[in-house]
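>>> with the input below, show me the fold.
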Amino acid sequence: MSKLDISIEQLFELGAHFGHRKRFWNPHMEDYIFCEKNNIHIIDLYKTQEKIAELYEAFRNQSSVGNKIMIVGTKRVASSHVSDFGQKTSMPYISHRWLGGMLTNWKTIKVPINKLLEYEENKASGELDNMIKKEAVMLEKEMKKLALNFDGVKDMKGLPDALFVVDVESEKIAVQEALKMGIPVYGLVDTNSNPKNLTNFIPINDDSSRTIKFVLDLLSQAILEGQDSARKQGLVQKLDGDKGPKVFSLNTSTKKVSVETAKEEVKETKEEVKETKEEVKETKEEVKETKDATHSEADLSKLTKVQLVEFAEKNDLKIKKSAKKASIVEEILSQLK
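Residues are numbered from 1 along each chain as shown. Predicted coordinates for the structure are as follows:
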């Protein structure tokens, strides 16, 4: 956090700590709730501070290798900030409405985008001036409608490398499509949201315009730093048609990378992949242990409150999610007998 220099006081003044009413809470957010006041959950700003630093680093690393991060925020308080973010960083964005199939049916979505680009080209060349006034007006209206939905993604040549959503609950369809396509998802998560399937997230008040602007300004700064780093390294982007992934090569005017350095980087990458596989294996074993846990009071007591709630939902057991852990254990045992 040394470079960011974000204080808890600063986040507090922005109102980043305000969560939703207690009855709307999601159990998966329990670890990020500091306390409850006047029936409203208060977010732990120390964890917010840590998560901002993590996403700042992640976005800088993504952009430093030329990855495209699509940002989605269609609700009123976020729309203008999302547009500013996209224009400032040259990243694809959706700020008006998420159309189903934007990721899962990209080839079909490309059809109206190509039409928009064609209209813009005709307008720039002056062809619209030679048309009948009525036809020109109709085309202008259609172009504005297309621009409203696709202006932020018209330069996107394929699927993005990552997705960032301003509100996980509001942008559920976007999140589902990204997960289906194997695209990492990042986002802002309030106390009523489920961060379970996200790659990383920031626990924060996602209904405040000031909070959203503050976070997006920081993340845009991270992306610009990464892009600047890429330019200094001599990375040149080559868009591979509609296939999505980008290929990068070193500019011939820059220093040549030695074979030894390349071998070391490959070795480090292999080690990182190996470590990741081991972590995934450990996570699967932990999940298996949880699933195979017996229904005895001793075993249930070992589970966290979130795991108990998940266990109850999976087995169609009725419990009070707001109750204390001991009470939930008793309720589960009484229904299992």
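
>>> contacts for the helix or strand encompassing Val329?
According to DSSP states H and E, Val329 maps onto helix 325-336. Under the criterion CB atoms under 8 Å, 6 or more residues apart in numbering, residues 295, 297, 300-301, 304-305, 308-309, 311-312, 315, 317-320, 323 lie in contact with helix 325-336. Where C-beta positions appear, they are placed from N, C-alpha and C, glycine not excepted.

>>> tell me the one of those nearest Asn197?
Val309 (16.8 Å; CB to CB).

>>> ok, the closest one - contacts?
Contact partners of Val309, counting by CB under 8 Å, 6+ apart, are Pro27, Ile319, Lys321, Ile328.

>>> still on that earlier bit, just the buried subset of the contacts of helix 325-336, please.
Buried subset of the contacts of helix 325-336 (neighbour count, 16 or more other CB atoms under 10 Å): Leu300, Lys305, Leu308, Val309, Phe311, Ala312, Leu317, Ile319.

>>> lowest pLDDT pick from those?
pLDDT is lowest at Leu300 among the buried ones among the contacts of helix 325-336; the value there is 73.

>>> out of the contacts of Val309, list just those in helices.
Judged by DSSP state H, the contacts of Val309 include Ile328 as members of helices.

>>> of the contacts of Val309, which is the most crowded?
Ile328 (22 neighbours; other CB atoms under 10 Å).

>>> out of the contacts of helix 325-336, which are inside helices?
Glu297, Leu300, Ser301, Lys305, Leu308, Val309, Phe311, Ala312.

>>> now flag whichever of these is closest to Arg23.
Ranked by distance to Arg23 (CB to CB), the ones in helices among the contacts of helix 325-336 are led by Val309 at 14.8 Å.

>>> give me the low-pLDDT residue ranges for the protein?
For the chain, the stretches with pLDDT under 70 are 1-3, 234-299, 336-337.

>>> that one: strands as residue ranges?
18-21, 33-37, 40-43, 69-72, 93-94, 162-165, 185-189, 200-203, 235-238, 247-250 (DSSP state E).

>>> with mean neighbour count and distance to Phe59 added, can I get the ones you listed in TSV?
Formatted as TSV, the strands of the chain follow (neighbours: other CB atoms under 10 Å; distance: least, CB to CB, whole Å):
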stretch	mean neighbour count	distance to Phe59
strand 18-21	20	24
strand 33-37	14	26
strand 40-43	20	21
strand 69-72	26	7
strand 93-94	24	14
strand 162-165	27	8
strand 185-189	26	8
strand 200-203	23	10
strand 235-238	14	17
strand 247-250	12	18
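
>>> how about these, which one is nearest Ile6?
Among those, strand 200-203 comes nearest to Ile6, with 11.3 Å by CB to CB.

>>> re earlier: show me which pair in the buried ones among the contacts of helix 325-336 is furthest apart.
Counting by CB to CB, the most remote pair of those is Lys305 and Leu317, 14.4 Å apart.

>>> where along the stretch 1-150 of the chain do the helices fall?
Under the criterion DSSP state H, counting those that start in this stretch, the stretch 1-150 of the chain contains helices at 8-14, 45-64, 76-89, 106-125, 133-150.

>>> closest to Asp206 out of those?
helix 76-89 (8.1 Å).

>>> might one say that Tyr186 is in contact with Tyr56?
No. Tyr186 is beyond contact range of Tyr56, at 11.1 Å (criterion: CB atoms under 8 Å).

>>> hmm, what's the outermost residue in this structure?
Among residues of the chain, the one most distant from the C-alpha centroid is Ile132; the distance is 45.5 Å, by CA atoms, centre = their mean.
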